[in-house]
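Visitor: please find the sequence and the predicted model below.
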Amino acid sequence: MIKRTLYFGNPAYLSLRHSQLVIGKPDDGDLPSDEDLLNPVKTIPIEDIGVVILDNKQITITSSTISALLDNNVALITCNEKSMPTGLMLPLESHSVQSERFKDQLRASMPLRKQLWQQTVEAKIRNQAAVLKYITGSEAENMLIWSRNVRSGDSGNMEARAAAFYWKNVFPNVDKFYRDRYNPYPNNFLNYGYAILRAIIARSLVASGLLPTMGIHHHNRYNAYCLADDIMEPYRPYVDMLVIDIMKDTNEKDLNRSVKARLLGIPVLDVIIDGHRSPLIIAATTTTASLYKCFSGVSRKILYPEL
């Protein structure tokens, strides 16, 4: 079943009743009255939820609700005053043999990690090439050559070479575009989309019994989601393509409600993985499950989607 993504941009009171998320709408942002609680705006089964985004300073959520969401492996995202995702909560335990899987992950050899990163970079560059083909109508042959020339650990730094060419050509109608999270439009659209994608990947890693902190390539002592940042790389072009479509449909440059609504559809984007069509949120679990098989010695290949 496809899990739902819930976005809250207005004052709300979120509570729990009979394994249901109860959504109340108190007047003036105050705590709800007894009548409000008895007559909620809406109720949603907790088991149907995959991602919750809290984007208003006047949202109240009970501790029992947070606990129930995390028990059901829901990624809970909080936003800052600029409506950009800044916090992510995930369950500490969501797999029955989690400690065993942690050990397999931590025992992974350096050659294996380098091979896994090689596969990741290859998949990312191929998908970036597909985005460029979508824009221009012709194959980006240099990108495809670079993807085939990625070596173990990407020792030739093909990812950076491909990225320089990709970002130079992916937004031809944006004057002097430079990809940086602090730069203006359409970086704001990309940042928001990547934050949602990161939460989806982190959620899937935890569901597969893996430790999202320990990356195969990223190693930042201040980053709690290094592995998520690794595994999301081949999925980023899906966000890029969605942003391209949004830019075709609107002249809006601010991250307004209609743009956010489109970006919140990232979990249900259609992807092809292992020869099957699947929503992105389910494909992410396929990827992380295959990653564990690599760590445990059952397989040597990560399953990534192909654009």
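Guide: Noted; the coordinates are in hand.
Visitor: hey, C-alpha coordinates of stretch 115-126 in CSV?
Guide: Below are the C-alpha coordinates for stretch 115-126, written out as CSV (Å, rounded to 0.1, in the frame of the first residue of the first chain):
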residue,chain,number,x,y,z
GLN,A,115,32.0,-0.9,-5.2
LEU,A,116,28.7,0.2,-3.8
TRP,A,117,29.6,3.9,-4.3
GLN,A,118,30.7,3.1,-7.9
GLN,A,119,27.2,1.6,-8.6
THR,A,120,25.6,4.6,-7.0
VAL,A,121,27.5,7.2,-9.1
GLU,A,122,26.9,5.2,-12.3
ALA,A,123,23.1,5.1,-11.6
LYS,A,124,23.1,8.8,-10.7
ILE,A,125,24.9,9.9,-13.9
ARG,A,126,22.7,7.7,-16.1
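Visitor: tell me which residues of that stretch come out buried.
Guide: By neighbour count on 16 or more other Cβ atoms under 10 Å, the buried set for stretch 115-126 is Gln115, Leu116, Trp117, Gln118, Gln119, Thr120, Val121, Glu122, Ala123, Lys124, Ile125, Arg126. (Glycine included, C-beta is placed from N, CA and C.)
Visitor: where in the chain is pLDDT low?
Guide: 1, 26-41, 93-97, 220-222 (pLDDT under 70).
Visitor: quick one, longest helix in it?
Guide: helix 110-136 (DSSP state H).
Visitor: before we move on, the earlier item: need the buried residues of stretch 115-126 in CSV (columns: distance to Ile145).
Guide: CSV is the format used below for those (distance: Cβ to Cβ, whole Å):
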residue, distance to Ile145
Gln115, 20
Leu116, 22
Trp117, 19
Gln118, 15
Gln119, 17
Thr120, 18
Val121, 14
Glu122, 12
Ala123, 15
Lys124, 15
Ile125, 10
Arg126, 11
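Visitor: surely Pro172 is in a strand?
Guide: No - read with DSSP: H, G, I helix; E, B strand; the rest coil, Pro172 is coil and lies in no strand.
Visitor: find the nearest non-adjacent residue to it, please.
Guide: Once flanking residues are discounted, Pro172 sits nearest to Ile135: 7.0 Å by Cβ to Cβ, 6 or more residues apart in numbering.
Visitor: count of residues packed around the one you found?
Guide: Per other Cβ atoms under 10 Å, the neighbour tally for Ile135 reads 16.
Visitor: and which of the buried residues of stretch 115-126 is nearest Val243?
Guide: Checking those against Val243 with Cβ to Cβ, the nearest one is Lys124 at 16.4 Å.
Visitor: just to revisit the earlier point, looking at it, the residue nearest to Pro172 is touching Val243, isn't it?
Guide: No - between Ile135 and Val243 there is no contact under Cβ atoms under 8 Å: 11.8 Å.
Visitor: domain parsing for the chain?
Guide: 4-89, 98-295 (automatic domain parsing).
Visitor: and those domains, which is most packed in?
Guide: Ranked by mean neighbour count under mean count of other Cβ atoms under 10 Å, the domains of the chain are led by domain 98-295, which reaches a mean of 18.
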